[in-house]
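S.K.: with the input below, show me the fold.
(one chain, ligands or ions: 1)
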Amino acid sequence: MKKKGYLYSAQQLEEVDECPYCRSKKREIAHANVGDWSFGIIENLWTYWSCLSCASLYLSPRPKFEYIDKAYIGYFDSNVNPDIIIWSRRLLKYIYNYLSKKLFYLSKLYLLAPLINFSPKYIGEFPISNRIVDYISNSGVKKIKFLDIGCGGGRVLDYATNELRWESLGIDLSPESVTLCRNLGLHAIESNYSYVNDHPLTYDVIHASHILEHLYDPINFLNSISNNLRHGGYFIISMPNSTSYMRYFFAECWRGLEAPRHIAIPSIKYIKKTLLKLGFEVIDFSYKKQQTAMESMRIQRRSSKSTFLDYLKINNIKDLVFSCDEVDIITLLCIKK
Ligand SMILES: [Zn+2]
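M.R.: Have a look, this model is predicted:
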């Protein structure tokens, strides 16, 4: 029988009457009755509002900050054996390299999607795109000091440390994640992003993948990075885009929502404008048009597992036309001026 999730009481919730990104109070309901359909940790149903000024999506009511940890219980699976992770990553890398060399046809790799999807939890994260890595590696900095904020199971940290040979540190709020990273031989500590305030101008590259949408004050986070990254340093940030075509297509079943952990999801247009205002220049980006499609199909069926059928169905929406503002999950490479 499926285990019941945690149910927040009314006293543990708070109303939010302004957009956490632009502070506008103009809004309308975007999606109602959204469940924790990816992890099933929380039983409540949630409402996402759309900001009419900046097009961000935000949760209201949301868990009060002191209770948000309830939504992360079991989110990080500490029972994953580090040896399995190491061997799985090696195997995937081998297959990837083999196909890249032999087929010269990377798009074939989408055939591996179900394999990656069904492999242990921590392997599903993709490392930084090769184009972005090339850009940083060719920047002339000899020994790159790298900070991964929210390093999770250490996928990017492992890649930066062992493949790119960057001097790397990961920080994460989850003690389970930090332990896992350390068991993998990586340098990680338990901390929140205020770590950068205590180590100003130290890092050449700061990476924050899927952090912004989890934060109560995302602009404060971006300010901290801007104030503490050295001039000429790089900031790599990934997030779901509130104006994603996939969001319009799947509505409340869009995987990018992930209530109640995704507190506020920005629009790509607004985030680019904000980064510019904070002294960053966006110099490159990578995205997947429909990264969330398969997971959103699964959510639509209210199932806990993706099937090969979901994967085949993606083909039906593969050729839809997208504008730049409609990309699904986006990674931006910014340079601090
Ligand atoms: Zn707004």
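S.K.: below-threshold pLDDT in the stretch 1-150 of the chain: ranges please.
M.R.: Applying pLDDT under 70 to the stretch 1-150 of the chain flags the ranges 1-3, 76-80, 93, 96-127.
S.K.: where do the strands sit along this structure?
M.R.: Remark: strands assigned in the chain by DSSP state E are 13-14, 27-34, 46-51, 57-59, 62-63, 145-149, 167-172, 188-190, 205-209, 234-240, 264-265, 280-288, 329-336.
S.K.: can you redo those strands as JSON lines with distance to Lys272 and mean neighbour count?
M.R.: No exception for glycine: its C-beta is placed from N, CA and C like everyone else's. What follows is these, written out as JSON lines (distance: least, C-beta to C-beta, whole Å; neighbours: other C-beta atoms under 10 Å):
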{"stretch": "strand 13-14", "distance to Lys272": "29", "mean neighbour count": "16"}
{"stretch": "strand 27-34", "distance to Lys272": "21", "mean neighbour count": "15"}
{"stretch": "strand 46-51", "distance to Lys272": "16", "mean neighbour count": "22"}
{"stretch": "strand 57-59", "distance to Lys272": "17", "mean neighbour count": "25"}
{"stretch": "strand 62-63", "distance to Lys272": "25", "mean neighbour count": "23"}
{"stretch": "strand 145-149", "distance to Lys272": "20", "mean neighbour count": "24"}
{"stretch": "strand 167-172", "distance to Lys272": "25", "mean neighbour count": "23"}
{"stretch": "strand 188-190", "distance to Lys272": "30", "mean neighbour count": "17"}
{"stretch": "strand 205-209", "distance to Lys272": "16", "mean neighbour count": "24"}
{"stretch": "strand 234-240", "distance to Lys272": "11", "mean neighbour count": "24"}
{"stretch": "strand 264-265", "distance to Lys272": "15", "mean neighbour count": "28"}
{"stretch": "strand 280-288", "distance to Lys272": "6", "mean neighbour count": "17"}
{"stretch": "strand 329-336", "distance to Lys272": "7", "mean neighbour count": "22"}
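S.K.: reformat the ones you listed as TSV; add distance to Tyr311.
M.R.: Listed next are these as TSV, based on distance: least, C-beta to C-beta, whole Å:
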stretch	distance to Tyr311
strand 13-14	37
strand 27-34	24
strand 46-51	27
strand 57-59	27
strand 62-63	33
strand 145-149	30
strand 167-172	30
strand 188-190	33
strand 205-209	23
strand 234-240	20
strand 264-265	25
strand 280-288	14
strand 329-336	17
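S.K.: between those strands, which gets nearest to the ion?
M.R.: strand 46-51 (3.1 Å; C-beta to the ion).
S.K.: tell me what the closest residue in space to Ile132 that isn't next to it in sequence is bridged to.
M.R.: Nearest non-adjacent residue to Ile132, counting by C-beta to C-beta, 6 or more residues apart in numbering: Leu333, 4.8 Å away. Listed beta-bridge partners, Leu333: Ile236, Asp284 (assigned using DSSP bridges).
S.K.: how much space between Trp254 and Ile299?
M.R.: Going from Trp254 to Ile299 by C-beta to C-beta, to the nearest Å gives 8 Å.
S.K.: the more surrounded of the two?
M.R.: Trp254 (27 against 24; other C-beta atoms under 10 Å).
S.K.: list the residues that contact that one.
M.R.: His31, Ser244, Met246, Arg247, Thr292, Ser296, Ile299 (C-beta atoms under 8 Å, 6 or more residues apart in numbering).
S.K.: next one: Pro218
M.R.: Pro20, Tyr21, Leu212, Ala264, Pro266.
S.K.: can you count the residues close to the first one?
M.R.: This points to Pro20. Pro20 - counted by other C-beta under 10 Å - has 22 other residues nearby.
S.K.: right, and it touches Leu59 too?
M.R.: No: using C-beta atoms under 8 Å, Pro20 is not in contact with Leu59, being 9.2 Å away.
S.K.: shared neighbours of these two, which are they?
M.R.: With C-beta under 8 Å, 6+ apart as the test, Pro20 and Leu59 both reach Ile263, Ala264.
S.K.: report how many residues lie close to Arg165.
M.R.: 11.
S.K.: I appreciate the help and will end here.
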